[in-house]
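J.: Sequence first, then the predicted structure, then my questions.
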Amino acid sequence: MMTNNLKSPMKGLKPLLCLVFGIVINSLWACNFNLSKQEETIIESDTSQFSYTLTSAEAFTMPAALDEVSGITYLTAFPNTIFAVQDEEGILFTFDLLKGEVTNQFKFAGRGDYEGIASDGKRFFVLKSNGDIYSFPIGATDNSNVKQHVALLPNGEYESMAYDFQTNKLYLLCKSCKEDKKAKTTTGYVLSLSSDGELLLEKTFAIQNQEIRKLDNTMGKSFKASAMAKHPTKEEWYIISSVDKALIVTNSDFGVQQVIRFERSAFEQPEGLTFDEELNLYISSEAGNKAEANIYRIKPKK
């Protein structure tokens with residue numbers, strides 16, 4: 001009889017214990033679910049303050065010779081003209097925006113992977129993907145004055161180069177460098193030009209990739225820079241990535257201020273960037289899977 005009396009309370013407790021256990025489990029599950037939701041919250045940069053609308057672009061169709069257009073630059077001394085290189089042949093192309101055609105070609109080197117072009121107003125600088133730089137005077141008609149600058153930069157892959165008329169120096173960014181993978185940065189290099197026309201490595205800088213992700217966490221942990229240019233009137237650098245389908249804006253010290261994402265339908269394979277004196281932004285895009293390459297002109301917002 002005593003045994004039966006002891007069993008009866010235990011039988012009554014089992015449903016109660018199951019109920020309490022279920023409530024605890026559900027509470028823990030709900031807590032974890034809410035944490036997961038917080039972790040998955042998408043953060044995207046506010047583009048309302050961006051000076052351009054990338055989807056409002058005027059397109060200039062490139063000839064077949066520029067299907068692989070990889071770098072562009074603009075000089076105020078040559079209005080309505082874009083100077084371009086492509087990543088297979090060592091040729092400088094002069095493209096007339098009014099005529100919509102190439103008006104001149106200058107062969108400065110043989111076949112190679114040429115990715116960027118810049119100018120100080122006196123000479124052109126062309127960047128090879130291995131970090132070598134070719135320089136030659138504007139208006140050159142033969143390659144007797146072409147200089148090849150080698151071993152300036154660490155081993156890596158390079159696509160971005162621009163000239164800053166305020167500092168009178170060349171700026172470059174690495175697309176893929178071994179040291180950047182561990183540091184989670186995008187390393188840049190500043191080159192000065194000596195009186196005898198030689199390029200000298202002056203200093204380095206870095207874009208902190210975590211700053212990009214703080215503004216837009218849909219971005220990857222690395223940033224593959226394809227082209228760069230400095231805004232003519234603002235202390236801002238514009239840097240585009242074909243791989244990441246993004247354009248970032250930094251201050252003069254390369255602190256990230258904005259991240260602007262774009263669809264592949266807008267720019268198939270953007271690898272060139274420059275501005276004109278009217279503050280129009282130009283983006284060149286390789287043909288890729290499209291019929292032809294294009295240079296896009298984007299007017300600033302009013």
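T.: That came through fine.

J.: Mind telling me what element Gly288 is part of?
T.: Here Gly288 is covered by no helix or strand, with elements defined by DSSP states H and E.

J.: For it, report the pLDDT, please.
T.: We have a pLDDT of 88 for Gly288.

J.: Ok, Ser265 next?
T.: pLDDT, Ser265: 88.

J.: repeat for Phe21
T.: 54.

J.: Thr187 too?
T.: Here, the pLDDT recorded for Thr187 equals 98.

J.: next one: Pro79
T.: We have a pLDDT of 97 for Pro79.

J.: Over to Ser194?
T.: On the pLDDT scale, Ser194 gets 94.

J.: residue ranges of the helices in the stretch 101-250 of the chain, please?
T.: Taking DSSP state H, counting those that start in this stretch as the test, the helices found in the stretch 101-250 of the chain are 178-183, 209-215.

J.: which secondary structure elements does the shortest one contact?
T.: Secondary-structure packing of helix 178-183 (3 or more Cβ pairs under 8 Å, 6 or more residues apart in numbering; DSSP states H and E): strand 185-193. (Each C-beta comes from the backbone N, C-alpha and C, glycine too.)

J.: and the strand it packs on, how far from the chain's centre?
T.: Strand 185-193 sits 15 Å away from the centroid of its parent chain (Cα atoms, centre = their mean, to the nearest Å).

J.: Also stretch 181-190?
T.: Offset of stretch 181-190 from its chain centre (Cα atoms, centre = their mean): 13 Å.

J.: What of stretch 130-143?
T.: Distance of stretch 130-143 from its chain centroid, counting by Cα atoms, centre = their mean, is 24 Å.

J.: for stretch 75-82, same thing?
T.: Mean C-alpha position of stretch 75-82 versus that of the full chain (Cα atoms, centre = their mean) differs by 24 Å.

J.: Now tell me what touches it from outside.
T.: Contact partners of stretch 75-82, identified using Cβ atoms under 8 Å, 6 or more residues apart in numbering, comprise 72-74, 83, 94-98, 119, 121, 138, 274, 276-277, 282, 284, 295.

J.: pLDDT wise, what is Thr47 at?
T.: Predicted confidence (pLDDT) for Thr47: 75.

J.: Mind checking the helices of the stretch 101-250 of the chain for the one nearest to Leu247?
T.: Leu247 lies closest, by Cβ to Cβ, to one member of these: helix 209-215, at 11.2 Å.

J.: which residues are in contact with that closest one?
T.: Outside of helix 209-215, the residues within contact range by Cβ under 8 Å, 6+ apart are 43-45, 184-186, 219, 221-223, 248, 255-256, 258-259.

J.: do that again at 7 Å, thanks
T.: Under the contact criterion Cβ atoms under 7 Å, 6 or more residues apart in numbering, helix 209-215 has outside partners 45, 184-186, 219, 221-223, 248, 255-256, 258-259.

J.: Derive a PyMOL selection command for the buried subset of the residues you listed.
T.: What follows is the PyMOL syntax selecting those of the contacts of helix 209-215 that are buried according to 16 or more other Cβ atoms under 10 Å:
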select buried, resi 45+185+186+219+222+223+248+256+258+259
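
J.: Return the closest of the contacts of helix 209-215 with respect to Lys299.
T.: Gln258 (18.2 Å).

J.: Then that closest one would be within a strand, right?
T.: Yes - assessed by DSSP: H, G, I helix; E, B strand; the rest coil, Gln258 belongs to a strand.

J.: Now stretch 67-81: buried residues?
T.: For stretch 67-81, a neighbour-count test (16+ other Cβ under 10 Å) marks 67-75, 81 as buried.

J.: cool, and stretch 294-302?
T.: Under 16+ other Cβ under 10 Å, the buried positions of stretch 294-302 are 294-298.

J.: Same question for stretch 87-103.
T.: If you call a residue buried by 16+ other Cβ under 10 Å, then stretch 87-103 has these buried ones: 87, 89-93, 95, 97, 102.

J.: Just those residues: which are in helices?
T.: Judged by DSSP state H, the subset of the buried residues of stretch 87-103 located in helices is empty.
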